[in-house]
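In: Take a look and give me a structure for this.
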Amino acid sequence: MKKRVLAMILAAMLAVSLAGCGEKEEPAVPAAEPEPIQEPEPVPEPKPEPEPEPAGPAGTNPLTGEPMEPEYETNRPVAVMFNNLKAAQPQLGISQADIIYEVPAEGGITRMLGVFQSLEGIGTLGSIRSSRPYYLELALGHDALYVHAGGSPQAYQDIPAWGVDNMDGVNGGSDARIFWRDAERRKTMSYEHTLVTSGEKIQEYAAAHFRIEHKEGYTYSQAFTEDGTPAGGAAATKVTLKFSNYKTGVFDYDAATGKYMASQYGGAHTDGATGEQVSATNLLVLETAISEIPGDTYGRLTVKLTGTGSGTYFCGGKCVPIQWSKADRNSPFVYTLADGSPLALGQGNSYVCIMSPKRSTLTYQ
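Out: Below you'll find the model as predicted:
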């Protein structure tokens, strides 16, 4: 019996031993995590090359100090006589002048001489009025071609005597080619306020009849600076010049544009061709002797433009006293400060008022 029990125990032990000799089960290996996909670094979009600033004209306008096409630099400017009666408003093209000269005429009225270094792109100009000797002197001071419509007896003597190259809307043969009566103005204005011309017609006629460029060696010595505001100047943001009981000019400084905005006859002085208010970077008021010509039945004037005199320069909302000189009728104005140094105008157009301190009143604030 004992042998039997022993045999069964041995058999059981053998079975357990054989089971332990089987293949061991390998433990499960966790799956490896996938490598993260590296996104390529974004390539920045190339920045577009900045557009180069358009190059401005390489020349300089001798009347304003501003850039202009070089082919116009040495041209003779054109001086145009503008009617300034209240009944003849609005003027056409006056706001595009590089220099405006306003001078009294008979009866308390004023007329304007607009000086243009180039008439390229300038349309209708007018209305055109008659000449006086002192307007001839202003034109000659710039070696300018002169556009007018008629003139006083003295002016008609001086034009050939002084060698003025002129285009006359009343006499002289050029009237039919470059002047006409504006149909729109004839609807509301007197006949004498309707004569006009244009930049294109003046250029065409002048090219065929006159010397277009200054003679070699000609110089116009006016200096310009980027900011012409006079150092130490008195405040002058509103300038009033009462030429006469008929005409008062008012100039309000606009800091946004750096210009004096012109008004007359109780409202803005507006250019009927451009719709713009007449304005100027530089405002100059020159004092001189003005008197009636003895025995002249129309009360025409003499205006002294040669020699020297005093004046006031306005720019940038300030003003200083100046001196002016004009050596002879063919010379330009020369402006100096109180210490005798040359006056540099601000780059831009100029409005020059010529007045008699005995007949006119200048105030500013």
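
In: Before we move on, what's the pLDDT of the nearest residue to A87 once chain neighbours are set aside?
Out: Closest residue in space to A87, ignoring its immediate chain neighbours: H193 at 6.2 Å, by C-beta to C-beta, 6 or more residues apart in numbering. The C-beta positions use only the backbone N, C-alpha and C, and glycine is treated the same way. The model reports H193 with a pLDDT of 97.

In: With L63 instead?
Out: pLDDT, read off for L63, is 98.

In: shaky segments in the stretch 151-300 of the chain?
Out: Where the stretch 151-300 of the chain drops to pLDDT under 70, the residues are 173-175.

In: got the residue ranges for the helices in it?
Out: Remark: helices assigned in the stretch 151-300 of the chain by DSSP state H, counting those that start in this stretch are 153-161, 175-178, 183-188, 199-209.

In: closest one to G93 among these?
Out: helix 199-209 (7.6 Å; C-beta to C-beta).

In: same for the closest one, what does it pack against?
Out: strand 145-148, strand 166-168, helix 175-178 (3 or more C-beta pairs under 8 Å, 6 or more residues apart in numbering; DSSP states H and E).

In: Any chance of CSV for the ones you listed, columns mean neighbour count and distance to I212?
Out: Shown next, in CSV, are these (neighbours: other C-beta atoms under 10 Å; distance: least, C-beta to C-beta, whole Å):
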stretch, mean neighbour count, distance to I212
strand 145-148, 26, 8
strand 166-168, 23, 13
helix 175-178, 15, 15
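
In: Of all the ones you listed, which one is nearest Q96?
Out: strand 145-148 (14.1 Å).

In: Parallel or antiparallel, list what pairs with the closest one.
Out: strand 78-82 (parallel), strand 166-168 (parallel) (DSSP bridges).

In: can you put those in TSV and add distance to P50?
Out: TSV is the format used below for those (distance: least, C-beta to C-beta, whole Å):
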stretch	distance to P50
strand 78-82	40
strand 166-168	48
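
In: returning to what we had before: can you lay out the helices and strands packed on helix 199-209 as TSV showing distance to E51?
Out: Below are those laid out as TSV (distance: least, C-beta to C-beta, whole Å):
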stretch	distance to E51
strand 145-148	40
strand 166-168	44
helix 175-178	42
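
In: My read is that V78 contacts H142, right?
Out: No - counting by C-beta atoms under 8 Å, V78 stays clear of H142, with 9.4 Å between them.

In: Common neighbours of the two, please.
Out: V115 (C-beta atoms under 8 Å, 6 or more residues apart in numbering).

In: related to what we said a few turns ago, out of the helices of the stretch 151-300 of the chain, flag the one nearest S291.
Out: Checking the helices of the stretch 151-300 of the chain against S291 by C-beta to C-beta gives helix 153-161 as the closest, at 14.2 Å.

In: Pull out the buried positions in the closest one.
Out: Q154, A155, Y156, D158, I159 (16 or more other C-beta atoms under 10 Å).
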